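Student: Give me a 3D structure for the following:
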Amino acid sequence: MKILYLCPDIGIPVLGPKGGAVHAREMVAAFSRSGGQVILAAPRGRKSLWDTPASLCGEFLHVPFSPETENSYRALAGFMERIGEGDSFARDVRRMLYDTDLAAALVRSFSSVTPDFIYARSALFSTAPLTAARQLGCPLLVEVNAPIAAEQEAYRGGTLAGLGARAEAALLRGADAVLTVSAALKEHVVGFGVDPVRVHVVPNGIDPGRFAPGVPDPVVRARWKIPEGPVLGFVGGLRPWHGVEALPSLLERLSSRHPAAALVIVGDGPLRPSLERTLDGLGIRQRAIFTGAVHHAEIPGLIRLFDVALAPYPPLDHAFYFSPLKLFEYMACGVPVVASRSGQIGEVIEDGATGMLYPPGDFEAMAAACDQLLSDPAGRRAMGDRAAERILGAYTWDHNARRAMEIARNAAGRMAQAQ
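Tutor: All right, here's what the predicted structure looks like:
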């Protein structure tokens, strides 16, 4: 099958280290392994020319902003600066203008050889996938990883949330099928008036060729100067909705019973300076290792050094709609996870068997679960083995790709019958 994979989000350089970029590349690779011929189209490949681009199992089609869009953005951003406002409005307008650029470029590029289907990641102010699919006459599958307009308003600001929601609704209602990464997101999509029959829940997954149990690599340990004692590990962005603020106090709580325990934080983000200050204030900064952002290929080796992996999501004022990539990667590597019982996490982890769950925000319960696992090496190894078996048997990118391809075949069949 000829598959056009679209990632219209200007905030996701698809050859970079962001989780959304990893997801896109993994699905492209899985489509390829399943017999697909895949082209990944996006506005950005990497954030900076100095960044080493990740490899891609397919062809990359760079669809840049048109000169007209860039000139309009600069003019509007300059005006906003002159009146003392931020550039969020200008950035939103640039997204809308780019949507027109993208739709026109796709129709030009694929009018002679039409893809068998378009698989598009939903993005703010993005309707180009629908425009292209209708003009090219092929099915459109839309992948939903978040309630994009609501998330933008809640976490990143912006002045056009209502317009963003209407664009989101138009894309989802027009798609031939919608694939959401969680049940909460299916409810969100259905709330826009989309027929529930056309909405499929497809959680995130892993590549078992990379993420699987293995012996901890002493070279990786030495590179990051990770001590031989027990290791508590976290992978992800250092942002408030990941709950990373709890990590310093967790290490302190465990200090009396596990004085040699270390905390390894893999990732970067705006909360790193405050985390380091808190660790300093508690007198335990020397027992915390920050790797900063690392290439996705390095993540499995780091996870295998963890004795306990952490997913400390905090209580939220909205439904927990995430499908945490870290959760699947931890478990696939055979590491027991201590996680808040939030949304899909409680569906994937069987408490006490394939991981340990605690009520979101209950830091004493989180510490108690970590203490239990650190005190029982044999028990945590057995738990990690069961976790890996669970993930490797049900949550892989190949499984997701095969399911998406079958959904696309069914959609193409319905289109043929309707003609």
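
Student: Strands along this protein, start to end?
Tutor: With DSSP state E applied, the chain shows strands at 2-6, 37-42, 59-62, 117-121, 140-144, 177-180, 199-201, 231-235, 262-266, 288-292, 308-311, 337-340, 356-358, listed in chain order.

Student: Nearest to Lys225 among those would be which one?
Tutor: Checking the strands of the chain against Lys225 by Cβ to Cβ gives strand 288-292 as the closest, at 6.7 Å. (Glycine included, C-beta is placed from N, CA and C.)

Student: From the chain's centroid, how far away is the closest one?
Tutor: Strand 288-292 sits 21 Å away from the centroid of its parent chain (Cα atoms, centre = their mean, to the nearest Å).

Student: do the same with stretch 49-63
Tutor: With Cα atoms, centre = their mean as the basis, stretch 49-63 stands 18 Å off its chain's centre.

Student: contacting residues around that stretch?
Tutor: 5, 13-17, 21, 25, 28-29, 31-33, 37-46, 101-102, 105-106, 109, 295-297 (Cβ atoms under 8 Å, 6 or more residues apart in numbering).

Student: okay, the strands of the chain in TSV with mean neighbour count, distance to Gln372 and mean pLDDT next?
Tutor: Shown next, in TSV, are these (neighbours: other Cβ atoms under 10 Å; distance: least, Cβ to Cβ, whole Å; pLDDT from 0 to 100):
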stretch	mean neighbour count	distance to Gln372	mean pLDDT
strand 2-6	24	43	98
strand 37-42	22	44	98
strand 59-62	14	46	96
strand 117-121	26	39	98
strand 140-144	25	36	98
strand 177-180	26	34	98
strand 199-201	17	32	98
strand 231-235	24	13	98
strand 262-266	23	18	98
strand 288-292	16	22	96
strand 308-311	26	10	98
strand 337-340	27	9	97
strand 356-358	21	7	98
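
Student: Turn those into CSV, including distance to Pro377.
Tutor: As requested, the strands of the chain are arranged in CSV below (distance: least, Cβ to Cβ, whole Å):
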stretch, distance to Pro377
strand 2-6, 43
strand 37-42, 43
strand 59-62, 45
strand 117-121, 41
strand 140-144, 40
strand 177-180, 38
strand 199-201, 36
strand 231-235, 12
strand 262-266, 16
strand 288-292, 21
strand 308-311, 11
strand 337-340, 15
strand 356-358, 15
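
Student: And the buried ones among the contacts of stretch 49-63, selectable in ChimeraX?
Tutor: Buried members of the contacts of stretch 49-63, defined by 16 or more other Cβ atoms under 10 Å, are picked up in ChimeraX with:
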select :5,13,14,15,16,17,21,25,28,29,31,32,38,39,40,41,42,43,44,45,46,101,102,105,106,109,296
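
Student: Could you pick out which of the contacts of stretch 49-63 are located in helices?
Tutor: Members of the contacts of stretch 49-63 lying in helices (criterion: DSSP state H): 21, 25, 28-29, 31-33, 101-102, 105-106, 109.

Student: how about Tyr73, what does it touch?
Tutor: By Cβ under 8 Å, 6+ apart, Tyr73 lies in contact with 65, 90-91, 93-94, 97.

Student: Which of the residues you listed are buried, as a ChimeraX select command?
Tutor: For the buried members of the contacts of Tyr73, the matching ChimeraX selection, counting by 16+ other Cβ under 10 Å, is:
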select :65,90,91,93,94,97
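
Student: Nearest to Arg253 among the contacts of Tyr73?
Tutor: Closest approach to Arg253 among the contacts of Tyr73 (Cβ to Cβ): Arg91, at 41.1 Å.

Student: Now do the same for that closest one: its pLDDT.
Tutor: pLDDT for Arg91: 91.

Student: That one: what's it in contact with?
Tutor: 73, 77.

Student: and the gap between it and Thr69?
Tutor: From Arg91 across to Thr69, the span is 12 Å (Cβ to Cβ, to the nearest Å).

Student: And Ala104, by the same measure?
Tutor: Separation of Ala104 from Thr69 (Cβ to Cβ): 11 Å.

Student: Look at the two and report which has more neighbours.
Tutor: Counted by other Cβ atoms under 10 Å, Ala104 and Thr69 do not tie: Thr69 has more neighbours, with 19 against 16.

Student: tell me the contacts of the more buried one?
Tutor: Contact analysis of Thr69 by Cβ under 8 Å, 6+ apart lists 94, 97-98, 101.

Student: Let's have those residues in JSON lines, adding distance to Val235 and pLDDT.
Tutor: JSON lines is the format used below for those (distance: Cβ to Cβ, whole Å; pLDDT from 0 to 100):
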{"residue": "Arg94", "distance to Val235": "32", "pLDDT": "95"}
{"residue": "Leu97", "distance to Val235": "36", "pLDDT": "97"}
{"residue": "Tyr98", "distance to Val235": "31", "pLDDT": "97"}
{"residue": "Asp101", "distance to Val235": "35", "pLDDT": "97"}
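
Student: Mark which of those are part of helices, please.
Tutor: Cross-referencing those against helices under DSSP H gives 94, 97-98, 101.

Student: Among those, which one lies nearest to Ala332?
Tutor: Distance to Ala332 across the ones in helices among the contacts of Thr69 (Cβ to Cβ) is lowest for Tyr98, with 35.8 Å.

Student: Can you show me the helices along the stretch 101-250 of the chain?
Tutor: For the stretch 101-250 of the chain, the helices defined by DSSP state H, counting those that start in this stretch cover 128-136, 148-151, 161-174, 183-190, 218-223, 247-254.

Student: and Gly158, what pLDDT?
Tutor: 63.

Student: do the same with Thr52
Tutor: pLDDT, Thr52: 83.

Student: List phi and psi for it.
Tutor: For Thr52, the backbone dihedrals (degrees, to the nearest 10) come out as phi -80, psi 120.

Student: and it, how many neighbours does it have?
Tutor: Thr52 - counted by other Cβ under 10 Å - has 10 other residues nearby.

Student: how much distance is there from the least confident helix or strand in the chain by mean pLDDT to the middle of the chain?
Tutor: The weakest-scoring helix or strand in the chain, judged by mean pLDDT, DSSP states H and E, is helix 148-151 (a mean of 82). Distance of helix 148-151 from the chain centroid (Cα atoms, centre = their mean) equals 15 Å.

Student: Tell me who's in contact with Val202.
Tutor: Applying Cβ under 8 Å, 6+ apart to Val202 gives the contacts 143, 179-181, 400, 403-404.

Student: Show me which of those residues is closest to Pro216.
Tutor: Of all the contacts of Val202, Pro216 sits closest to Asn400, with 28.9 Å by Cβ to Cβ.

Student: Wait, the closest one touches Met27, no?
Tutor: Yes: counting by Cβ atoms under 8 Å, Met27 is a contact partner of Asn400 at 6.8 Å.
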